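Asker: okay, predicted coordinates and the sequence, questions at the end:
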Amino acid sequence: MSDYIIRATAADGQIRAFAATTCGLVEYARSAHNTSPVATAALGRLLTAGAMMGVMMKGEDDLLTIKIEGDGPIKGLTVTADSKGNVKGYVFHPEVMLPPNDKGKLDVAGALGIGVLSVIKDIGLKDPYVGQTILVTSEIAEDLTYYFATSEQTPSSVALGVLMNRDNTVRQAGGFILQLLPGASEEIIAKLEKKLSEITSITSMLDAGKTPEMILEEILGEFGLEILDQIPTQFYCNCSKERIEKALISVGKQELQSMIDDGETIEVNCHFCNKHYPITIEELKLLLEKAR
């Protein structure tokens, strides 16, 4: 099954909802970055959130970046998404291994430690919007719930999950974001809180074979769920040799000459997808001619 995001409303427009299945894109990220199980879980959760938050944006060229920086061994994560369901990301230290936490689960909180969550939205204005909050649990879903409440003044419920196979490939990944819109009645808020307290974990729902539609139906069915659309989502990186060459030209003649003097092919690595781009001495000389 391909990855996709469902966008929906409920309670006559008092609730908006997003739910996603992202197993394929998280497995792609795991394979590209050779992440350890705990790094896969952390990156997978943030990629899932990024994909859903990306499609919340209205503009064709809008870009969202979510950064987490912590004092744990992973040090941090960066995820970038657009409004069309494309998402990419990386872990600062993908090799980190940790024992399970006291619940026997992958210790994402221990891997990230204490730190800061930043959300940057580039929506075509002069300066991008930047929202920042502390990590409240470092489990990512609760941190984003806190971010929505404090930075965007939108009461939200965020659930994110990644389940691994014994061979460390990704078995399930997905999540949901539910948001109360301005004017939501106290009755709706109370009913939704009660419903959320009754549901099992997102990973158990995904592992039971529930689709994003079924997950939203289980939570919001009694609220008059209305599914608006289904958006495909994928791990997509727009790096290319041409972009790498432009970046190299921008470093200037002196730096390029120094690379040429070293007499060896250089290799440029893309952080987001881990692709390697070899640039030969001859190519460097051509770039030098174009540089200022």
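Answerer: Cool, got the structure. Numbers count the residues shown, from 1 in each chain.
Asker: for the rest of this, base every contact and every neighbour count on C-alpha atoms.
Answerer: OK.
Asker: run through who's touching stretch 92-106.
Answerer: Outside stretch 92-106, the residues that touch it by C-alpha atoms under 8 Å, 6 or more residues apart in numbering are 33-41, 73-77, 107, 110-111.
Asker: can you flag which of those residues belong to strands?
Answerer: 76-77 (DSSP state E).
Asker: buried ones among the contacts of stretch 92-106?
Answerer: 33, 35-41, 73-77, 107, 110-111 (16 or more other C-alpha atoms under 10 Å).
Asker: dump the residue contacts of Thr40.
Answerer: 26, 29-30, 94, 162.
Asker: what is the nearest of those to Phe272?
Answerer: Closest approach to Phe272 among these (C-alpha to C-alpha): Ala29, at 8.9 Å.
Asker: so the closest one sits against Cys273, correct?
Answerer: Yes: using C-alpha atoms under 8 Å, Ala29 is in contact with Cys273, at 7.4 Å.
Asker: which neighbours do those two have in common?
Answerer: The contact lists of Ala29 and Cys273 share 88-90, where a contact means C-alpha under 8 Å, 6+ apart.
Asker: rewinding a little: between the buried ones among the contacts of stretch 92-106, which sits nearest Ile134?
Answerer: Closest approach to Ile134 among these (C-alpha to C-alpha): Gly76, at 13.3 Å.
Asker: you'd agree the closest one is up against Gly89?
Answerer: No: Gly76 lies out of contact with Gly89 (C-alpha under 8 Å); the separation is 11.0 Å.
Asker: re the thing from before, with respect to Gly59, which of the shared contacts of Ala29 and Cys273 is nearest?
Answerer: Once C-alpha to C-alpha is applied, the member of these that ends up nearest Gly59 is Lys88, at 18.6 Å.
Asker: quick one: low-confidence ranges for the stretch 1-150 of the chain?
Answerer: Judged by pLDDT under 70, the stretch 1-150 of the chain has its weakly predicted residues at 1.
Asker: against Ile231, how distant is Gln172?
Answerer: 19 Å (C-alpha to C-alpha, to the nearest Å).
Asker: for the helix or strand Gln230 falls within, packing partners?
Answerer: Taking DSSP states H and E as the definition, Gln230 sits inside strand 226-232. Other helices and strands packing on strand 226-232, by 3 or more C-alpha pairs under 8 Å, 6 or more residues apart in numbering; DSSP states H and E, are strand 4-10.
Asker: distance from the chain centre to the strand it packs on, please.
Answerer: Averaging C-alpha positions (C-alpha atoms, centre = their mean, to the nearest Å) puts strand 4-10 17 Å from its chain's average.
Asker: can you check stretch 212-220 too?
Answerer: So, by C-alpha atoms, centre = their mean, the centroid of stretch 212-220 is 21 Å from its chain's centroid.
Asker: cool, and stretch 122-142?
Answerer: So, by C-alpha atoms, centre = their mean, the centroid of stretch 122-142 is 12 Å from its chain's centroid.
Asker: which one's more surrounded, Gln172 and Ile231?
Answerer: Gln172 (25 against 16; other C-alpha atoms under 10 Å).
Asker: ok, the more buried one to Thr48 distance?
Answerer: Gln172 is 11 Å from Thr48, by C-alpha to C-alpha.
Asker: joint contacts of the two?
Answerer: 21-22.
Asker: for the buried ones among the contacts of stretch 92-106, which one is nearest Thr203?
Answerer: Closest to Thr203, out of all of those and judged by C-alpha to C-alpha, is Ala41, at 11.4 Å.
Asker: could you measure from that closest one over to Val162?
Answerer: From Ala41 to Val162 the distance is 5 Å (C-alpha to C-alpha).
Asker: can you count the residues close to the nearest residue to Glu139 once chain neighbours are set aside?
Answerer: Spatial nearest neighbour of Glu139, chain neighbours left out: Ala109 (5.0 Å); criterion: C-alpha to C-alpha, 6 or more residues apart in numbering. By the criterion of other C-alpha under 10 Å, Ala109 has 19 neighbours.
Asker: wait, Ala109 sits on Thr137?
Answerer: Yes: the pair Ala109 and Thr137 passes the contact test of C-alpha under 8 Å, sitting 6.6 Å apart.
Asker: buried residues in the helix or strand where Glu283 lies?
Answerer: Taking DSSP H and E as the definition, one finds Glu283 inside helix 281-290. Across helix 281-290, burial judged by 16+ other C-alpha under 10 Å covers 281, 284, 287-288.
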